[in-house]
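Peer 1: Attaching a predicted model along with its sequence, questions to come.
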Amino acid sequence: MAVEYQPKIVGFLCNWCSYAGADLAGTSRICYPSNIRIIRVPCSGRVDPLLIVKSFQQGADGVLIAGCHPGDCHYSEGNYYARRRLALLHTFLEYIGIEEERFQIQWVSASEGKRWANVVSSFTEGLSILGPRETTLHKETV
Amino acid sequence: MKPENPLLPYLSTLQELIDLTPDVKLFRLELNDPDIRESFDYKPGQFVFVSAFGVGESPFGITSVAHRKAGVDVAIRRVGTVTNALHQLEPGATVGVRGPFGNYFPLDEYKGKNIFIIGGGIGFAPLRPIITTILDYREDYGDLVIINGARSPQDLVFAPEFDTWAASPKTKLELTVDAGDEKWTGRVALIPSVVSELKLSPQNAIAVTCGPPIMIHFTLIELRKLGFADNQIITTLEGKMKCGLGKCARCNVGDKYVCKDGPVFSMEQISQLIEQF
Amino acid sequence: IPVEINPNTLIVGGGIAGITAALELADGGNHVYLVERQPSIGGHMAQLDKTFPTLDCSACILAPKMVDVAQHPKITLRTYAEVQDIRGFVGNFEVDILQKTRKVDHTKCTGCGTCWQKCPEKVPSEFNLEMDSRTAIYVPFPQAVPLKPVIDTENCRYMKYLQFTEAGEEGKAPPQCRVCEKLCPAAAIDWEQQDEILTEKFGAIVVATGFQTFDHSAYSEYGGGMYPDVITGLQLERLLSASGPTGGEVLRPSDGAHPKTVVFISCVGSRDEQKGRPYCSKVCCMYMAKQAIMLKEHDPNVQCYNFYIDIRAGGKDFDEFSRRAQEEFGTLYIRGRVSKIFEEGKKLIVCGDDSLIGRPVEIAADLVVLATGIEPSTGAAQLAQKLNISYNAYNFFIEAHPKLRPVETNTDGILLAGSCIGPKDIPESVAQGSAAAAKVAALFSQDVLTTDPLVANIDPIKCGGCLLCTKVCPFKAIDTQVTRDGRTISVINETLCKGCGLCVATCRFGAANLRGFTQQQLLAQVTSLWR
Amino acid sequence: MDFSEEIRSKAKELLESGTVDCVIGYERATDGVGARPLFVYQPNDIDRLIFDQTCTHNLTKYLLNRKDKATAIVVKPCDSRAINLLINESQIQRDKVSIIGVVCPGVVKAGLDNTSGELQDTCRMCQQHTPVLYDFLVGELGLEPDVPDTYPDVTGMEDKSAGERRAFWEEQFSRCIRCYACRQVCPGCYCLECFVERLDPTWVGIRIAPGENEVWNTMRAFHLAGRCIDCNECERVCPVNIPLSLLNRKLGKEVEELFKFQAGIDAETPMPFSTFDKEEKLGISE
Amino acid sequence: MSEFISKQNLLTWLGQLIGERNLVAPTRVDDLLLFRKIDRVEDIVFDFDNTTLSPKEWFFPSSETLFYVDRKDGQTELMPAAIEKETAIFGIRPCDAQGMTMNDYPFLEEPADDLYRQHRDITALIGLACITACPECFCTSMGGGPHDTANVDILLTEVTDGYIVQVLTDKGKALLPDNLLATADVSSPLAPVLSEIPSEGIAEKMRQAFDEPFWDRLADRCIHCNICSYVCPTCYCFDVRDYTDKERIERVRSWESCQSPGFTRIAGGHDPRSTKGSRLRQRFSHKLLYFPNQFGALGCIGCGRCVRACPVNIDIREIIQDVQQLGVKSEA
């Protein structure tokens, strides 16, 4: 029988909120899809756009950045800068043909284990509907 | 089998890894294929490329001598990505070895002559085969003066061999550092000044020097002051290399390629080069 | 990079967890610095009468430990003080501690007690939960450590007078009391004394800031705090305690009568989504059982009722204990919630329903005891911010791993103990105090530490000097500097950097990098995800 | 349009007065039609200077090699914005540069001569005909264009489906031979070591393959987000005609809409990534 | 009398070639003209001056794998890269064919570069003589010519409704079936006349000009991109590095240029050619001085690509003239 398509997701999670949130989801046994590979960062403001572009080039079907809600940044301002950088990157990636559904920025606090689970579930679902990325990028040139 | 492609390295095994200084390690390598190992011959002054697979390869002067049949030694200083990767390796690791490349010190021409070895820092490493050869065939050569200099005492390469060298007949070992430490009782001076201080005589002598560009530059001045002719002064040039075959067109100085016409040049040859180095 | 480890430990919070950690470490020969916000250490345990399930006297087992702390040569005690700011990293913390002014020179004070007996100004006692009063210059309770008073500058008459004159208001000035000053045999009163900031260095920090009880005014159905005879479990502890406001005689606040019918209501501020407290406070079931037993022992004619949701008695001898409360001491356990309480004459009518027999219940009680839940002490979140440790929605601190690293945080060198992590009973808090101490001892067993502080660094060779990073850094931790070849570049001030990595993402040059989360490490994670 | 005379006299004045030791301008190229950059050190070279609509190069890139030397430079409006950018990012000092601004109706396509009048595409969408800063102005003020739509090219691309855009860009990127001319010519690209050439960590592999090329082309553009002053030099020099301005201009458009910012309009406004507004949502759900 | 192939037969023949081997020919990619693998004869462009990039990428690709490193159960193995099937390149201009000589010298000089040799061996060259020339062409000044036959296996010269065919090698013979050929009495058209560049004795003049400030002045303008090297049919500098794709490690060689700033910087920072001037001088010295000294031929074949592509009009023709002038000055 055919194995159903499992999107590959990279998640960059802020150590202080989303990472704790995902942890909470785990410890309180809230189920969510296992497609996501989590990379812990100290702050959403730490995420260099290069890492996101690289993730897609490495074959990610989706990239999720999760940080503290605006105003709650552990470093007071990091996520405000992140929001600017990532919002711009989002439109740009969409422009070069990476569907907007494939790149998400979400605010998830340490206590929102449930929300985290929902975010991942709906993200994964969206990607499954979208299907694999149509790309020639892994082929070589002449 | 001998690889068709000269850019294809011989698989080799890292036999031993010895710390020479805080940032220099001696790599003892052995080619895996027994036939190639037998036929793999090289001369003092030649170099090999060593690969850290997944990162790349870099050229290193060979510090061992072929006649001792004890594999290939290279002294590697941690400066870039490749050397970093190599320093991470453990004995038993598989690396690539390409070569030997380049010309060599014409030791036969040096027979019967007094030889002065002047090396600074890691630049001393490729001079070691000359010393080993001379000591192994001591009677063929005249006096041997070894000047080994470094930034600090723990940066002096091949310390374990100092006693052997110093103890050999007709041999003088001069160690010097730019800055000593509490334990250091030896000389604190720059190599060029040591050269002038020792009043090395150009009579029937050859001076071989290798090290950082500035050090070579000033050593040269001193040697000339002492009356050395340019054809008595031998040095090695350094250049960024990718192939070792004079093909990647990178290490050229004017129309000479360091990798195939060098790395060993006499001052006479260098002064004829069109491009200054 | 190897860093020296400062062998001193800071312990924040002088409750039983903090005290235990302090003594364990000090006995191990490490210097400990114990900071407590209140004028005395002891925490909530000092307020308790007996402890479940063994019923030994709380104060009696705590007091000796408090005294040990006071007398231990390796322990520096800082009461009436708070952590203000913290810098640095594991092995090398630098902490600013705010010492609130006591207006009393403790080096001179002998603790004779004259002042707090003679002070004319009476103030409701915090320690006794406002069921009696203390004076303006006071020690919170007779066994306090240190047994030296502080002047409550809010209420001291002379202080009021000074404020009045400074403000230059109209009208009659309050009296210039200064009785304590006149009477003090040691001339220890020092009106000049001001708040001061002390900066100390530490290798490790143990956070044991404990808890406070839920404010039941949120429950209007229980009177929202307007019925004097609806009290909290903690208040009952004080009423039961021989050193309490009533000298151990249980008298109800309204009229000082001996209550005969007492109703306990559990889960007030616990397991209650509506009140934003979905978690179980863990100790209530047990202390209610204990209190029911104690009431019966004080006065055999007392009848106790207990409205409960579940009986949570997991723990050594716990279930047996709550059984005794029912079987031996005749406490009536009613499974169900109380819907409302109203006064009728001298009685409190408690309306609830018995969900087991599915029938409404109405009890005319003399005293109602609310088992108010446990929540982190005020300021826990702010403290966590300062310490760079994470905390959950209720401001309980989050441990590095709920199973395997229960007393560690994600920040090296900062450890946790007691109910600041979550509701706990005494033995658990003590266990964690010891655990944290052991962790610190293990850390100190190596004399140099080879972990990197998680701060940013800027490669001067790569920095192009656009200075964008200096503009974004939330901690103003990036300065500029001119290189030998005349370029102006950015440099990290490691003591100010908190390691957010904003500069790294901002730096196009690839000059900025963050230890612990380097570009190399993160890229390696990305590229290895699907290998 | 031909301002050669005005430029020469100004250059003469500046050189002879010793105000500057070099004037960077344009001279006629070897094809006898186009222009090329010229560095004038002695007055006797001044007559080689020209300025007309073939002078397409953005000369401000050269200021980065002359940071501490007094230099006069000929700039078109777009070029002038680059100077603001470089000052804003503390790369050059205003007082070292004498700016000869030229009122510019746009430059002609490569290979065409001054009179042909067939403008480069970006020039036809250009909003600015007068330099934003200058010490001396050549040409008449007040000739400002009236361009209804600044970004027809970008919106055109946006209207395509994601799939079409993907196909389009992959095709474009796959052609890249990684000569890095786009970077070398760009006044905003002054990293001491470009991420594409970094080995530790290696962001872009040595293999010249579409995937690697995409990382290069996307990030080059993104590093210019809010910084590109739309001089179109990168696109002009690209030997395999990748429409790089189409990338840069998209970012320009978004930065304008999201952050109300235009690169190089002045030298003080904080760069978009060095500031923020607490209230802005930027389309990210809370 | 000379051998002749009609336009129709040519198409037939090329069609056959597509079937039996890789056929590479000039074709439009967007608005570029590039040598690409051809699937349909219709895609071939016959009427052109010259391609944007030189055909060298078919012998010396912009990046190619030298070998793979396979790690199976702790054993490391090196797998030399395999070269795919026989190839014919149609439409190569005499200058580019001549340019191949300039790659043969360094790459085939012993020890020969194996990959390059393989590419050469499996590739047949079908040349197309130049009837017209673009303004930047100057092959005649560099020892070549619009109708030169060097290195090509077959040379076609366009005449009315067909081509004059010169089969020059056995490889060529094998390639072209006689039945498609006719003999016709057509004489080949005159070669276009190109502007002459004074390349006479340039090597010596370059030596004299070596330390002139000329190079630094020239470098003022140069932006040190790699375009000139990458479009040049004779530039052969390369970089070698390891490349890790998802699962396997490969050692990859790719084009590099002596113009790129880090080209000669050695680990540790020292860079013998750190100034822009010295790098620019390197490129032209290599072509006009070192190459002749090493192999006895000029390293430039006058295809004019660098002149066309250079963003700042650094024009080798002008440089040759100027250097000759410098020479005159220094003699005077």
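Peer 2: Cool, got the structure.
Peer 1: How far does stretch C:485-504 stretch from one end to the other?
Peer 2: With C-alpha to C-alpha, to the nearest Å applied, stretch C:485-504 spans 24 Å between its terminal residues.
Peer 1: Can you check the pLDDT for whatever residue of the stretch 1-150 of chain E ends up closest to chain D?
Peer 2: Nearest to chain D, among the residues of the stretch 1-150 of chain E, is E:S63, at 4.0 Å (C-beta to the nearest C-beta). Bear in mind the C-beta positions are built from the backbone N, C-alpha and C, glycine included. E:S63 carries a pLDDT score of 92 in this model.
Peer 1: beta partners of it?
Peer 2: When bridges are called by DSSP bridges, E:S63 pairs up with E:S254.
Peer 1: E:E256 is in contact with that one, correct?
Peer 2: No: using C-beta atoms under 8 Å, E:S63 is not in contact with E:E256; the gap is 10.1 Å.
Peer 1: in chain E, which segments are predicted with low confidence?
Peer 2: Applying pLDDT under 70 to chain E flags the ranges E:246, E:268, E:327-332.
Peer 1: And the residue nearest the centre of it?
Peer 2: Per C-alpha atoms, centre = their mean, the C-alpha nearest to the average position across chain E is that of E:P233, at 2.1 Å.
Peer 1: Which secondary structure state does C:R134 sit in?
Peer 2: Here C:R134 is recorded as strand under DSSP: H, G, I helix; E, B strand; the rest coil.
Peer 1: if I pick the closest residue to it other than its chain neighbours, what's in contact with it?
Peer 2: Spatial nearest neighbour of C:R134, chain neighbours left out: C:S125 (4.3 Å); criterion: C-beta to C-beta, 6 or more residues apart in numbering or on different chains. Counting by C-beta atoms under 8 Å, 6 or more residues apart in numbering or on different chains, C:S125 makes contact with C:131-134, C:140, C:245.
Peer 1: So what does the residue of the stretch 1-150 of chain D found nearest chain A look like in phi/psi?
Peer 2: Going by C-beta to the nearest C-beta, chain A is nearest to D:T150 of the stretch 1-150 of chain D, at 16.3 Å. The phi and psi torsions at D:T150 (degrees, to the nearest 10) take the values phi -80, psi -30.
Peer 1: Equivalent analysis for the one 4 residues further on, please.
Peer 2: Reported as degrees, to the nearest 10, the phi and psi values for D:V154 are phi -70, psi -50.
Peer 1: Quick check: C:K346 touching C:D366?
Peer 2: Yes: in this structure C:K346 lies within contact range of C:D366 using C-beta under 8 Å: 7.5 Å.
Peer 1: about what we covered before: look up how far A:C43 lies from the residue nearest to C:R134.
Peer 2: Going from C:S125 to A:C43 by C-beta to C-beta, to the nearest Å gives 45 Å.
Peer 1: Can you list the helices and strands that the top helix by length along chain D packs against?
Peer 2: Taking DSSP state H as the criterion, chain D has its longest helix at helix D:244-259. Contact partners of helix D:244-259 among helices and strands, from 3 or more C-beta pairs under 8 Å, 6 or more residues apart in numbering or on different chains; DSSP states H and E: helix A:78-95, helix D:121-124, helix D:152-159, helix D:210-223, helix D:233-237.
Peer 1: how about 6 Å then?
Peer 2: helix A:78-95, helix D:152-159, helix D:233-237 (3 or more C-beta pairs under 6 Å, 6 or more residues apart in numbering or on different chains; DSSP states H and E).
Peer 1: I'd like to know which of those helices is closest to D:M271.
Peer 2: helix A:78-95 (10.5 Å; C-beta to C-beta).
Peer 1: The closest one - contacts with which helices or strands?
Peer 2: The contact analysis (3+ C-beta pairs under 6 Å, 6+ apart) places helix A:78-95 against strand A:62-67, strand A:103-107, helix D:244-259.
Peer 1: Out of the ones you listed, which one sits most buried?
Peer 2: strand A:62-67 (a mean of 28; mean count of other C-beta atoms under 10 Å in any protein chain shown).
Peer 1: now E:T169, nearest residue through space, not along the chain?
Peer 2: Distance criterion C-beta to C-beta, 6+ apart; nearest residue to E:T169, sequence neighbours excluded, is E:D153 at 4.4 Å.
Peer 1: Oops, could you answer that again for B:A205 instead?
Peer 2: B:N114 (4.3 Å).
Peer 1: Count the neighbours of the one you found for me.
Peer 2: As a burial measure, B:N114 scores 19 neighbours (other C-beta atoms under 10 Å in any protein chain shown).
Peer 1: do C:I137 as well
Peer 2: So C:I137, with other C-beta under 10 Å, has 26 neighbours.
Peer 1: and if you look at the one 10 residues further on?
Peer 2: Counted with other C-beta under 10 Å, the burial measure for C:L147 works out to 18 neighbours.
Peer 1: for the one 3 residues further on, same thing?
Peer 2: Per other C-beta under 10 Å, the neighbour tally for C:V150 reads 23.
Peer 1: Same check on the one 10 residues further on?
Peer 2: For C:K160, the tally of surrounding residues (other C-beta under 10 Å) stands at 19.
Peer 1: do D:E158 as well
Peer 2: Using other C-beta under 10 Å, the number of residues around D:E158 comes to 14.
Peer 1: And C:L162, by the same measure?
Peer 2: Residues near C:L162, counting by other C-beta under 10 Å, number 16.
Peer 1: cool, B:F124 as well?
Peer 2: As a burial measure, B:F124 scores 26 neighbours (other C-beta under 10 Å).
Peer 1: That one reaches B:G149, doesn't it?
Peer 2: No: if you go by C-beta atoms under 6 Å, B:F124 and B:G149 don't touch, sitting 7.9 Å apart.
Peer 1: contacting residues for E:P311?
Peer 2: E:P311 makes contact with D:185, D:237, according to C-beta atoms under 6 Å, 6 or more residues apart in numbering or on different chains.
Peer 1: ok, back up a step: okay, the residue of the stretch 1-150 of chain D closest to chain A and chain C: tell me how far apart.
Peer 2: In this view, D:T150 and chain C are 26 Å apart by C-beta to the nearest C-beta, to the nearest Å.
Peer 1: what's the distance between stretch A:103-112 and the middle of its chain?
Peer 2: 9 Å (C-alpha atoms, centre = their mean, to the nearest Å).
Peer 1: and the end-to-end length of it?
Peer 2: End-to-end distance for stretch A:103-112: 21 Å, by C-alpha to C-alpha.
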